[in-house]
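Student: Quick one, structure for this:
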Amino acid sequence: MSNSKRPIQHYGKKDVFVYRTYAKPLTVDKIPESDFTKRNNTLLGIDIQVALHGEAFLKNYTDGDNTDLIATDSMRNFIELHAAKLEYSTIDGFLTEVAKRFLEKYPQIEQVDMAGQSVNFGEVAVDQNGTIKDSGIIFRPVKTERPRAAVSVVRKGSGTEIINYTSGIQDIHMMKITGNSFYGFVQDEYTRLPEKKDRNLFIYVDMDWTYNNPEDGAVEGSAKYVPAEQVRDIAAKIFFELQNNSIQHLVYHIGLKVLERFPQLKDVSFFTNNRTWTEVADAEQGKGKVYTEPTLPYGFQAFTVTRDDLK
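Tutor: A predicted model of the protein is given here:
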């Protein structure tokens, strides 16, 4: 048997749902494009995936020897109980700290990959002595705009090192009813899509960013942490202001603005999905239009904006 490491040899647990009440609030400085400065974290839900790497686990496969095997059920329990032990205000900080605790607890682990996305809940407002305000204790699920993070931590000397880290937000859904165009593209025997000097544009957007120094985002309490809510608001501002010629044109300028606002970031990546509505008719009065849902299949775009694009 070869002594070289196998390219794929890890195992873990996915869909570990952790709901923490009264987690540490997140506060950040205000930026011009967003009024977001605080996340209360009264109810902080995370859907987590963990994977463990290590040569010690190879014998689980080859010899059926479970001596060093950590049951995936134990991984789930480890994560859940550390959600109570640790004080954290971000998904990024929680995942990073739990990854480090895994390495401290189990010497047979060489690397821990953790990823998680927010399970969002919005506060429900109710009448309280004649005033409608947030109840503070009642919440409803929110299906879009979910912050997320992924981190890999390995041993380094007597400590640990972050070798991979991304932060992001998924399922931003934005619809702009005018101020978008799409024309000048290739016209040939396969072209049926009409050119539009003005159209509606409905997009689904996932965004991920990396830091020049991963510690700036992954370590709990960092003053350089970039909240997903502010990135989302920058995207909305650029969408509002830019007379865009395509989704590609739009995301490039969103990326430039995000990197300009946050110099601690290295790059911003996009995965977008075009859900632009199909135009049915003009309203008989006024400038309104009638639309319906687009038909399958949907177009997508993937692009990364780096600091080189700012030059």
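Student: so for the strand ranked longest in the chain, what's the average pLDDT?
Tutor: Longest strand of the chain, by residue count under DSSP state E: strand 159-182. When pLDDT is averaged over strand 159-182, the result is 97.
Student: Against which helices or strands is whichever helix or strand comes after it packed?
Tutor: Going down the chain from strand 159-182, the next helix or strand is strand 196-211, by DSSP states H and E. Here strand 196-211 touches strand 159-182, helix 228-241, helix 247-261, strand 265-274, going by 3 or more CB pairs under 8 Å, 6 or more residues apart in numbering; DSSP states H and E. All C-beta spots, glycine's among them, are computed from the backbone N, C-alpha and C.
Student: Now do the third one: distance to the chain's middle.
Tutor: Taking the mean of its C-alpha atoms, helix 247-261 sits 17 Å from the chain's own mean (CA atoms, centre = their mean, to the nearest Å).
Student: cool, the last one as well?
Tutor: If you compare the mean C-alpha spot of strand 265-274 with that of the full chain, they lie 10 Å apart, counting by CA atoms, centre = their mean.
Student: neighbouring strands for that strand, and are they parallel or not?
Tutor: Paired strands of strand 265-274, with direction, are strand 196-211 (antiparallel), strand 300-306 (antiparallel) (DSSP bridges).
Student: For that strand, give me every contacting residue.
Tutor: Contacts to strand 265-274, defined as CB atoms under 8 Å, 6 or more residues apart in numbering, come from residues 168, 202-212, 226, 231, 247, 251, 254-255, 258-259, 294, 298-307.
Student: Show me which positions of that strand end up buried.
Tutor: Of all the residues in strand 265-274, those buried under the rule 16 or more other CB atoms under 10 Å are 265, 267-274.
Student: Tell me what angle the following helix or strand past that strand forms with strand 196-211.
Tutor: Downstream of strand 265-274, the first helix or strand assigned by DSSP H and E is strand 278-282. Compare the direction of strand 278-282 with that of strand 196-211 by axes from the mean of the first three to the mean of the last three CA atoms, to 10 degrees and you get 140 degrees.
Student: packing partners for strand 278-282?
Tutor: Using 3+ CB pairs under 8 Å, 6+ apart, strand 278-282 sits against strand 289-292.
Student: that older thread, want to throw the helices and strands packed on strand 196-211 into CSV with distance to Phe102?
Tutor: Formatted as CSV, the helices and strands packed on strand 196-211 follow (distance: least, CB to CB, whole Å):
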stretch, distance to Phe102
strand 159-182, 10
helix 228-241, 25
helix 247-261, 32
strand 265-274, 26
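Student: Which one of those lies nearest to Gly93?
Tutor: Shortest distance between Gly93 and the helices and strands packed on strand 196-211, using CB to CB, is found for strand 159-182: 10.4 Å.
Student: Need the CA coordinates for that closest one. CSV is fine.
Tutor: Extracted in CSV, the C-alpha atoms of strand 159-182 (Å, rounded to 0.1, in the frame of the first residue of the first chain):
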residue,chain,number,x,y,z
GLY,A,159,-1.4,25.9,17.6
THR,A,160,-3.7,26.1,14.6
GLU,A,161,-3.8,27.9,11.2
ILE,A,162,-6.7,29.0,9.0
ILE,A,163,-5.9,27.7,5.5
ASN,A,164,-9.2,28.5,3.7
TYR,A,165,-11.9,30.9,4.6
THR,A,166,-14.8,32.6,2.7
SER,A,167,-17.7,34.7,4.0
GLY,A,168,-20.8,35.4,2.0
ILE,A,169,-24.6,35.8,1.6
GLN,A,170,-26.9,33.6,-0.5
ASP,A,171,-30.3,34.1,-2.1
ILE,A,172,-30.4,37.8,-2.5
HIS,A,173,-33.5,38.3,-4.7
MET,A,174,-33.8,41.8,-6.4
MET,A,175,-36.2,43.0,-9.0
LYS,A,176,-35.8,46.4,-10.8
ILE,A,177,-38.7,47.3,-13.0
THR,A,178,-36.8,49.8,-15.3
GLY,A,179,-33.3,51.1,-15.9
ASN,A,180,-32.0,47.8,-17.4
SER,A,181,-31.1,47.0,-21.0
PHE,A,182,-29.9,44.0,-23.0
